[in-house]
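1. Task: produce atomic coordinates for the following.
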Amino acid sequence: MSHRERMSSVDTTWLRMDRPNNLMMIVGVWMLEGPVDTERVERQIIEGLLTYRRYRQFVERAPAGIFWRDDPNFDLSHHMRRIRLPGRGGKQALERLVGELASEPLDPNHPLWTVHIVERYEGGAAIIFRMHHAIADGMALMDVTMKLVDGPQHRSGASAAEHEEEGWLQSLMTPVVAAINSGAQASSSTVKAALDLVRNPLRAAGLLRDGAGVASELAYLLLMSSDSATRFKGKPNGTKRVAWCEPIELTEVKAVSRALGCSINDILLSCVAGAMRRYLADCGDKTEGVECRGLVPINLREPGDVELGNRFGIIAVELPVGIEDPLERLMTVRQRMLALKTSYEPRTTLGLFAALGYLPKLVQDQLFDLLVSRSTAVMTNVPGPSEPLTVAGSVLKQSLFWVPQTADTGMGVSILSYAGAVQFGLITDVALTPFPEAVVRHFPAEFEKYLYCVLLEPPPAEAERAEPSLALSEEAPEDGAALVEGGPAPGANAPAELTSVRSVRGSRSAAGHRRPSVRPRRSRSSA
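-> This is a model prediction of the structure:
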């Protein structure tokens, strides 16, 4: 009999979350510059993936539990395919194909992954990865994909030194993750608290009054109010669409974030909120006071832990979609991100996932539905390699991925940095947001507002003689970086990087690139 191993309780939870209208697949796309040696690319991907036993194993459901079992009839033809796009096969055709594949279930009779190589895409090739979330979480799969690239990049992900910028959301949660990994991880008390609330959800109210730490936050997660009812929410039908925008230069994002006294993550999340607001306004919907909650996975692995499987928690991020003024929206996002530093939510949800893996599927579905029904989207923010990679000798020019949406969530937002640029991607359900490109196109435009807010201010030498700027907040955050009443204008805080940005943007304007016609305003209003 072939080898088998019991599936962990957390991985079991993700396996059982599959629904016809939301499949638990992580979907990724690589775009390679030409020329591309397809045979070599295919061979390198196969060799890299099959170094992991999991990619030769299928899921076996037995009375004794759920297991990973070696597939005695493993056949690569079930997993590796070459295709070509119809017609000219441009970006829109690739987006449509990725959406179709994201809507198509993986074959449960075989190992739960596929790779489609799209030949002759824009003079090169595109590679579409689909892997079930039960195999691994996004951080583990990032390490897997690093095994598929050329040269010294065959290593355990990108080094921490490449991402010294404190703005990434994962770094924001470092104190919490450190506490968890030092001994507070998914303890029996956490699991017991989750099980107790499954049996008696009304106990959560008492925990909120009397409890503290993990137990209290578990109660909060299960009893938190729903976010705003918008067209983004409803019942998905399972047909997915994806879209992505052109990458934004990371140097510009860093420079603007430092000039405005916030983190990279604050800027990016504010851009997401602004893009969602503009889409709602384009549809004729009222936006004043709208709040959209995003569930964000947070890596809970210890340094060096690259084993397959799932080890992450979730935090709930509130996006102030209803705030039109970009600077006011940015400061609101910043204040909320700082408040997350003491959150126990990632640890709590990891314990909850572990507990759910032991429960009947019906109970699991009911409890998880309760959690995710209060949210609009799943969002991921992952810093990738800072230098361009190659695959079988071809340059990897663009990389995107999406984690699955759970229960009735109909939107997934992906923010990925790679090779000095930041990439926004969106996956939606056609029943709720049929044209994700109508949202995505606003991401760069929202960032342009912050960029030109800084660039249109006087350079530092002139700013010293400028009138004091209007306050963003009455009290500076703990790092003292935010603009305050009576302080210098935004341009005065601009770091050295903005000098080169000014030069590049100035030449673009001279060449006919149009700046935003209206500068950010200081008042809140509806769309």
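2. Tell me the confidence at residue 34?
-> On the pLDDT scale, residue 34 is placed at 93.
3. Residue 174 now?
-> Per-residue confidence (pLDDT) for residue 174: 49.
4. Over to residue 64?
-> Among the per-residue scores, residue 64 holds a pLDDT of 88.
5. count of residues packed around it?
-> By other Cβ atoms under 10 Å, the residues close to residue 64 number 8. The C-beta positions use only the backbone N, C-alpha and C, and glycine is treated the same way.
6. Residue 44: what secondary structure?
-> In the three-state summary, residue 44 is assigned as helix, counting by DSSP: H, G, I helix; E, B strand; the rest coil.
7. Leaving out the residues flanking it, which one is nearest to it?
-> Setting aside the residues directly before and after it, residue 44 is nearest to residue 392 in space (Cβ to Cβ, 6 or more residues apart in numbering), at 4.9 Å.
8. Determine the number of other residues adjacent to residue 456.
-> Using other Cβ under 10 Å, residue 456 has 12 other residues around it.
9. Same question for residue 7.
-> Per other Cβ under 10 Å, the neighbour tally for residue 7 reads 22.
10. For it, give its distance to residue 20.
-> Residue 7 sits 22 Å away from residue 20, going by Cβ to Cβ, to the nearest Å.
11. Number of residues surrounding residue 429?
-> For residue 429, which is what you asked about, the neighbour count (other Cβ under 10 Å) is 28.
12. Enumerate the beta-bridge partners assigned to it.
-> In this structure, residue 429 has beta-bridge partners residue 240, where bridges are defined by DSSP bridges.
13. Just list the residues touching it, thanks.
-> 21, 22, 236, 237, 238, 239, 240, 241, 405, 410, 411 (Cβ atoms under 8 Å, 6 or more residues apart in numbering).
14. Just the buried ones from those?
-> Buried by 16 or more other Cβ atoms under 10 Å: 21, 22, 236, 238, 240, 241, 405, 410, 411, out of these.
15. Which of those sits closest to residue 81?
-> When the buried ones among the contacts of residue 429 are ranked by distance to residue 81 (Cβ to Cβ), residue 240 comes first, at 18.8 Å.
16. so what's that closest one up against?
-> For residue 240, counting by Cβ under 8 Å, 6+ apart, the contacting residues are 99, 100, 102, 103, 427, 428, 429, 430.
17. again, 7 Å this time
-> When contacts are counted by Cβ atoms under 7 Å, 6 or more residues apart in numbering, residue 240 touches 99, 102, 103, 427, 429.
18. Now do it against residue 411, distance only.
-> Applying Cβ to Cβ, the value for residue 240 to residue 411 is 10 Å.
19. for residue 3, same thing?
-> Residue 3 is 39 Å from residue 411, where distance means Cβ to Cβ.
20. Residue 109 now?
-> For residue 109, the distance to residue 411 - Cβ to Cβ - is 31 Å.
21. and if you look at residue 397?
-> Computed as Cβ to Cβ, the residue 397 to residue 411 distance reads 26 Å.
22. Please, where are all the strands along the stretch 351-500 of the chain?
-> Secondary structure of the stretch 351-500 of the chain (DSSP state E, counting those that start in this stretch): strands at 377-383, 389-391, 394-402, 411-418, 421-429.
23. could you give the angle of the third one to strand 421-429?
-> Right, strand 394-402. Comparing the axes of strand 394-402 and strand 421-429 via axes from the mean of the first three to the mean of the last three Cα atoms, to 10 degrees yields an angle of 40 degrees.
24. Show residues contacting strand 394-402.
-> Contact with strand 394-402 is made by 26-33, 36, 41, 124, 149, 242, 244, 247, 384, 388-390, 412, 414, 416, 418, 423, 425, 427, as judged by Cβ under 7 Å, 6+ apart.
25. Given it, what are its sheet partners and their directions?
-> Neighbouring strands of strand 394-402 in its sheet, by DSSP bridges, are strand 25-32 (antiparallel), strand 389-391 (antiparallel).
26. Just want the angle from the longest one to strand 377-383.
-> On the basis of the same axes, to 10 degrees, strand 25-32 is oriented at 40 degrees to strand 377-383.
27. Test for you: state the pLDDT assigned to residue 207.
-> Per the predicted model, pLDDT is 39 at residue 207.
28. Skipping adjacent residues, who's closest to residue 90 in space?
-> Sequence neighbours aside, residue 122 is the residue nearest to residue 90 in space, at 7.1 Å (criterion: Cβ to Cβ, 6+ apart).
29. does residue 252 count as helix, strand or coil?
-> Using three-state DSSP, the structure places residue 252 in helix.
30. wait, it sits on residue 450?
-> No. With contact taken as Cβ atoms under 7 Å, residue 252 and residue 450 are classed as non-touching, separated by 9.4 Å.
31. What segments of the stretch 51-200 of the chain are strands?
-> Taking DSSP E, counting those that start in this stretch as the criterion, the stretch 51-200 of the chain contains strands spanning 57-62, 65-70, 80-83, 113-121, 124-132.
32. in the fourth one, what's buried?
-> This points to strand 113-121. Neighbour counts using 16+ other Cβ under 10 Å place 113, 114, 115, 116, 117, 118, 121 of strand 113-121 among the buried residues.
33. what is the rounded mean pLDDT of that strand?
-> For strand 113-121, the per-residue pLDDT averages 97.
34. I'd like the numbering to begin with 31 instead of 1 from here.
-> All right, first residue 31 from here; so that's strand 143-151.
35. Counting by contacts, list what it packs against.
-> On a contact count with 3 or more Cβ pairs under 7 Å, 6 or more residues apart in numbering; DSSP states H and E, strand 143-151 meets helix 68-79, strand 110-113, helix 121-132, strand 154-162.
36. out of the ones you listed, nearest to residue 322?
-> Nearest to residue 322, of all the helices and strands packed on strand 143-151, is helix 121-132, at 21.5 Å by Cβ to Cβ.
37. Kindly calculate the angle that the closest one makes with strand 424-432.
-> Inter-element angle recorded for helix 121-132 and strand 424-432: 50 degrees (by the same axes, to 10 degrees).
38. got the contact list for helix 121-132?
-> Helix 121-132 is contacted by residues 55, 57, 59, 115-117, 146, 148, 151, 156, 158, 160, 270-273, 457 when judged by Cβ under 7 Å, 6+ apart.
39. Same question for stretch 472-480.
-> Defining contact as Cβ under 7 Å, 6+ apart, one finds that stretch 472-480 is touched by 275-276, 278, 286, 290, 297, 301, 304-305, 308-309, 356, 454, 546, 550.
40. Tell me which two of these sit farthest apart.
-> Pairwise distances across those peak at 23.9 Å for 290 and 309 (criterion: Cβ to Cβ).
41. Who does the residue lying closest to residue 83 once chain neighbours are set aside form a beta bridge with?
-> Of all residues beyond its chain neighbours, the one nearest residue 83 is residue 100 (7.4 Å), with distances taken as Cβ to Cβ, 6+ apart. The bridge-partner assignment for residue 100, based on DSSP bridges, gives residue 87.
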